[in-house]
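K.L.:
fold the stuff below for me.
(2 chains)
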Amino acid sequence: MVQGPSEEAIRNIANAPSLERQITTLRQLKNDIVGHDQRKELVVKHGVIKALIDVIAATQKVSGKRRTGDSNGTSRSYEQLEWSSEDEGRLQAIQILGSLANGGRAFVPPLLAAHAHTVLLECLAAAVPPRIITAALQALRSIATSARIEGEDGEQITLDLFGSDPAQFAFPNLQQQPNTSPTEAARQLKLAIEIIGVSATTEAVRTQLTDSGVLEHLASILASHALASRHFDYRGSANSFPPPPPTDTVPAILSAITAIISGSNFRVQSFILCRPICELFAHSKAQNGESHPFSSRSGAAETLLPPLYVPSTKSVSHVHSSSAFPAAKSLQPTIGRRPGGGVKLAQSTVDIEHANAVCAWMLFMARSMQGANRLTALRLVALLNNAINASTELVGPRSENWQRAQEREKQISMVAIPLAVQLTQVAIEGPSAGASLAEEREHREIKESACDVLGALCHSRVEWQTAAVHAGAIKRICSLLKKTFDNVTASKPMWSARTNTNDQADAPESCKLGKRGLPAEFRHAMRCRQSALHAAAALAKQEDPHRQGLMEGGLTQCIMDSMKPFPADAFTTSSSNKTLVTPKDGNTIPVLLAACDAAMSLSRSVSSLRTNLVDAGIAQPTFELVKRHHDIEIKMAATDVISNLLLEVSPMREDIIAQGAVAVLVRHVKGNDVELRLASLWALKNLAHLSSKEAKMQCLEELGPGWLVGAIQGEHSHNPDAPSNGGGVNVWSSALAGGSLSAPNAAGEQVDLLNPATSMDVDEDDEDEGDDDDGFSQGEEGDGDVIYDESSGTHYQSSQLRSTLHQPAIPLSSTVMSADRQLAGMRQMEQDPALKAREVDICIQEQALDFIRNLIDDPELIAPMVDHVLQQIGSEKIFSLLTEKMSPLAEVGARPVFYPQQVILAAVHVIVHLSASSPRHKSLVIAQTPMIRAWMRHFTCEDRRVRVMCMHAANSLTWVEDDEDRDAARDRCRKLRELGVESIVRNMVTDADLDVRQRAKIVDWFVHDSPHSPADDWEPTINEEGSENTRDNEAWENVEATIAAYERAGYGVVR
Amino acid sequence: MECELSPPWASPWALSDNPFDNTHQRFFAYVAGVGRTNIAWRERKADLKGISSDINWVIMDYLVSEGYPGAAEKFAQETNLCRPTDIESIRERVRIRNAIHSGKIEEAIGMINEIDPEILDLNPQLHFQLLQLQLIEIIRTVLDKQSSQQNIPAQDFLPAIQFATEQLSPRAPTDPRYLTALEETMALMIYTPEKMPAEFKKLLDVKLREKVAADTNRAILESRGERAEAKIRSLVRARAWAEVQAREAKVDVLHMPLSIGLDAVDEANGDAVMT
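P.N.:
So this is what the prediction gives:
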């Protein structure tokens, strides 16, 4: 029996004979439903929400008039205004709405359907007494919090609280109103900030909050707190800052900032570079005046953060690659350091020193806090650090910026990560006996997010992963992960003497309750599991010993269990069955994603592929997800795992193929989602690599040669509107005009595909700037995205917008100004859909070319496979595609602009394999004069990988297969010389890169010195020393040949 | 003075949240001095003078958070401390406490909801406690009325049963603790007051009201973001802890009994009431 307010009482609200009666009814209703979810359900079904909204809206009009009437210019304090009965009625109604929203997820849809949030926001904007504002904020926070509760799939209700202008919502409340009492104002501020933190869940809302200045305002409040707590020795005027917030609001501010800036490096940098933060640091120079506070060289910092020794030696390898794959280092592109080109230093996109100091300041805040608050601060540290790290990735080892980056890296591994690991220990230990409700809540929060924060802190660099492992993270993560599979008894639903009345189908939306979502215990278990899996994925990213440790801790089985989705009817069956579902029975979507992520990290290791993963049978559930799951994100994540499981080294390859992987992947490749297309094509490429002839042919057949050609040509080239001047060129001319490409380009920039905004601009070193000022500054101002490679005299499409910020020894105003320009660039990179589409398109082209390469990669099968491919696609088509990919896209001024480097590399790879085929195919390649002419321009490419591959191909072309081939080989050599390849190769003998040098010498030897060389009329130009070197280095060449074999075998394709 | 320095948000008399703020340091210095020889007494007296304003402050904190508005105002006048601004909010808490103490639970719940409905919405345990107390009060009235007779007619308990069905039993299955509490409370209807076993009788004890009242006070303070406990309680605990440590370390402890009802030993039997 859930007696309580009757339908009649609800009718009375609307038709009360007098205000007093209405207020009494409302008050009675409130006392009846507070803390009583069943009654809440009942009154919602009886249509209470509509009645309440009417009360609020009606009184709004009355009091709005009254207030505007009597407050003619004279600002009277609200306390002086009498508290009218209308106000009282409205307060009661708002409080009831808030109480309903506290009922949980089910109450959100009816509230939203009745536009409760809009009415509440209107309350905030109107001139109303502070008590009503507080109540309205409270109700809004309840709605936002309940909307965050995950549903059965793990999805949250998206809420557009801020409408078109969030500033309008936030500012009246973020700024202290003069006539509100201090305690009330503090409460309102905290509530408003909490609402922002809870509701900034979607990209759109976050962008909006950044654009409208809410982020900046939050930053200024935080800065004001820092000043009040004397974190800084501030010399500037404090007038520009708002009054400092109460201390207990600071965690809410941090978490709101975190919520807004997460998911975008642009927003992180907007925070770092926003006016209050810049001002705070600019005017807080240390006594000696040389640097920011919080950088280790300033006096103040020593007391705030522990000083760390940063070695100034240059011996530390800055190329982060796994120690398990030393050979992989030879595959890394090295930036700059070409003899002719001088050292090219990457100019950071942000003022590194400032960014580091902001990061250190946050770290200091984290250290000064405890428990869940510390976790919040650490999460912000992780966000800042990852964004800064991404933008400094390519800083050369000798730069000063690199030293500063080292300092930050040390701080993260020595200070931040141990704190995070210690919090995972707190999560394991559990709250002390007799803990209060608040303490228990805090502990749940720590348990849910400690691992997540740890993962976020250490996922991007191997040093940090190692630091976490040294702090003892593995054991704790495994133990937390296993605990989530413990059986929890979901609390039983409330008992009721009456059976529930069912929803009336024809009831208005505002009377229909939504879905309840998962029981609280499940939610908790799912969040913990997701967070532990994230941490595991981060730790296992690069180092084999870490993977080993995690697998010994039982990670593999946990991943297997986390890859099961909930059965479709798990929560729809009657409530009596509900208790039978346990957290072991299934997983929400975020957990599935995290499990795929962890599985992908593990599958990067050959040894775990061959032992733990195959023993556990990971292929089965992963492929199930690819095949059957409805969610596209999950399909993508699972496809990424599959592409590693399909590698030649994996024993699971045959099983997956036997289950029909080719058909499924091809279906996804041809589907509508481009990201899934990319992932699936990648998997197909790996599948084709060194597999049987039948499998390769099947792949090509199912994919269709026509589709493949289309993919290589590029999607946009099919656009009939664009003026077509041959293949996919037109896209690039428009890219040149408008924006830039975020993909590695031939000038040696590297971009992390997952974090497109992370790449750095390659800039001329200061000393070089004078030499080629002309060409360079032209490039900078003219089209903003063309990079001049002076050694080869060519220009490449830049993958990023140019940086214009130079060293920050300039006044604040100009820093801010150039920061604005930078941010605008980053923003365009992240938010322009056309750029994103192009970026994906480029990746697809690369994968499609790689797919062809992998079709013809098996030395045993190479000749028949080349024949097959040439026949299927058409040899003319293939060569014209290759020519097109290597030809200039457009001429800017007199300078050619090429495709991004990754495409060129892929094209050269195909040539390498074609040239390695039978003499017949070699001659075919040699006969493609236009292609070779286009190709030749890349022999001197900035990227050493391209140069090495070009030498490989040249080497193969000059190779003498057998006696019969002797004449043909001679012809090939002659042709190469006629085209001018030979002279280029001769110059390459002095290349900066050893690998390139040695290859060039071999080619040179074949062309000139070998018995079959066409060099009857040749005069030796190479000195004795050079050729001797070649012979002396025979032993070394063996090593080289092995590495090359690895390369040809496609190592480095592991994602 | 402290209240001028602190930002306008903070309750002016609230101690800083930093556990190692000035007051604590001095207090620990004071406690540490306990074990020293008599010569140190003089110095400590000098110290005491220095910290007298801090002590006043701690007392003020106690008066405010435990709900003694009148005393707080008088004390403020006498010691020249800032008058607490939110006297009204202290009065509110006092009214609620008095209502609970006098068994008018429904009234108290109404008042709590008037302050902030979220307090009970988000703290089901406290809500259950209050409702349980309300049920006990309903049963108590029946028991009191009928105490002269031996047998109470069953229908007299109807309102109690109806209340339990409506308010308490729906919650009972959600937590085993609720179930036990409900069962125990319902058992009150079975026994006559004379024959009641001690474990049930304690539910009728007024002490329970006091405990619930203290819990409520704490919850209201927490909901406003203020400290749920008077600072002096943690100071007293710290002192007791220091004394235990000193004894263990066989330091000669000067015994200074602090029996003002706030002693840590008293903690066990609930919150001390200063009268």
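
K.L.:
and the residue nearest to A:His459 when sequence neighbours are not counted, how far from B:Thr192?
P.N.:
Using C-beta to C-beta, 6 or more residues apart in numbering or on different chains and skipping the chain neighbours, the partner closest in space to A:His459 is A:Ala538 (3.6 Å). No exception for glycine: its C-beta is placed from N, CA and C like everyone else's. Distance, A:Ala538 to B:Thr192, using C-beta to C-beta, to the nearest Å: 67 Å.

K.L.:
picking up where we left off before, how close does the residue nearest to A:His459 sit to A:Ser608?
P.N.:
16 Å.

K.L.:
ok, the two, which is more surrounded?
P.N.:
The neighbour count for A:Ala538 versus A:Ser608, taken as other C-beta atoms under 10 Å in any protein chain shown, is higher for A:Ala538 (27 against 24).

K.L.:
for that one, what are phi and psi?
P.N.:
The phi/psi pair for A:Ala538 (degrees, to the nearest 10) reads phi -70, psi -40.

K.L.:
and for A:Ser212?
P.N.:
Per degrees, to the nearest 10, the backbone of A:Ser212 is at phi -80, psi 0.

K.L.:
how many residues are close by it?
P.N.:
19.

K.L.:
confidence score at it?
P.N.:
In the predicted model, A:Ser212 carries a pLDDT score of 84.

K.L.:
try the one 10 residues further on
P.N.:
Listed pLDDT for A:Leu222 reads 93.

K.L.:
is it correct that it falls within a helix?
P.N.:
Yes. Assigned with DSSP: H, G, I helix; E, B strand; the rest coil, A:Leu222 falls within a helix.

K.L.:
ok, it to B:Leu131 distance?
P.N.:
Separation of A:Leu222 from B:Leu131 (C-beta to C-beta): 42 Å.

K.L.:
cool, and A:Cys843?
P.N.:
62 Å.

K.L.:
the more surrounded of these two?
P.N.:
B:Leu131 (26 against 22).

K.L.:
what's the burial count for the spatially closest residue to B:Gly225 that is not a sequence neighbour?
P.N.:
Here the nearest residue to B:Gly225 in space, its sequence neighbours aside, is A:Asp248; by C-beta to C-beta, 6+ apart that works out to 5.4 Å. By the criterion of other C-beta under 10 Å, A:Asp248 has 16 neighbours.

K.L.:
and residue 209, what does it touch?
P.N.:
Going with chain A. A:162, A:166, A:196, A:200, A:215, A:260 (C-beta atoms under 8 Å, 6 or more residues apart in numbering or on different chains).

K.L.:
can you look at chain B instead?
P.N.:
B:Arg209 touches B:100-101, B:103, B:133, counting by C-beta under 8 Å, 6+ apart.

K.L.:
and the residue of the stretch 251-400 of chain A found nearest chain B, what's its pLDDT?
P.N.:
Among all residues of the stretch 251-400 of chain A, A:Ser368 sits closest to chain B, at 9.1 Å; criterion: C-beta to the nearest C-beta. Per-residue confidence at A:Ser368 stands at 91 (pLDDT).

K.L.:
same question, A:Asn755
P.N.:
Value listed for A:Asn755 in the pLDDT field: 36.

K.L.:
repeat that for the one 3 residues further on.
P.N.:
Predicted confidence (pLDDT) for A:Thr758: 32.

K.L.:
A:Ala238 too?
P.N.:
76.

K.L.:
and the closest residue to it other than its chain neighbours, what is it in contact with?
P.N.:
Using C-beta to C-beta, 6+ apart and skipping residues adjacent in sequence, the residue nearest A:Ala238 is A:Leu227, 5.9 Å away. A:Leu227 makes contact with A:234, A:238, A:241, A:244, A:280, according to C-beta under 8 Å, 6+ apart.

K.L.:
quick one: the fourth one and A:Ser224 touch, right?
P.N.:
Yes. Judged on C-beta atoms under 8 Å, A:Pro244 makes contact with A:Ser224 at a distance of 4.6 Å.

K.L.:
how much space separates A:Ile844 from A:Lys635?
P.N.:
17 Å.

K.L.:
which residues of the stretch 501-650 of chain A score low on pLDDT?
P.N.:
Scanning the stretch 501-650 of chain A for pLDDT under 70 picks out A:501-505, A:569-581.

K.L.:
let's see 80
P.N.:
A:501-507, A:517, A:567-584 (pLDDT under 80).

K.L.:
okay, helices next: where are they in it?
P.N.:
Counting by DSSP state H, counting those that start in this stretch, the segments of the stretch 501-650 of chain A that form helices are A:520-539, A:544-552, A:555-562, A:575-578, A:589-603, A:606-608, A:614-616, A:619-628, A:632-645.

K.L.:
need those in CSV (columns: distance to A:Ala456).
P.N.:
Below are these laid out as CSV (distance: least, C-beta to C-beta, whole Å):
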stretch, distance to A:Ala456
helix A:520-539, 8
helix A:544-552, 17
helix A:555-562, 19
helix A:575-578, 34
helix A:589-603, 12
helix A:606-608, 23
helix A:614-616, 27
helix A:619-628, 24
helix A:632-645, 18
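
K.L.:
residues of stretch B:167-174 that come out buried?
P.N.:
Residues B:167-172, B:174 are the ones in stretch B:167-174 that count as buried (16 or more other C-beta atoms under 10 Å in any protein chain shown).

K.L.:
by mean pLDDT, flag the weakest helix or strand of chain B.
P.N.:
helix B:2-5 (a mean of 34; mean pLDDT, DSSP states H and E).

K.L.:
count of residues packed around A:Asp506?
P.N.:
A:Asp506: 7 neighbours (other C-beta under 10 Å).

K.L.:
how far away is it from chain B?
P.N.:
Between A:Asp506 and chain B the distance is 28 Å, computed by C-beta to the nearest C-beta, to the nearest Å.

K.L.:
distance of that residue from B:Gly110?
P.N.:
In terms of C-beta to C-beta, A:Asp506 sits 36 Å off from B:Gly110.

K.L.:
good, wrapping up.
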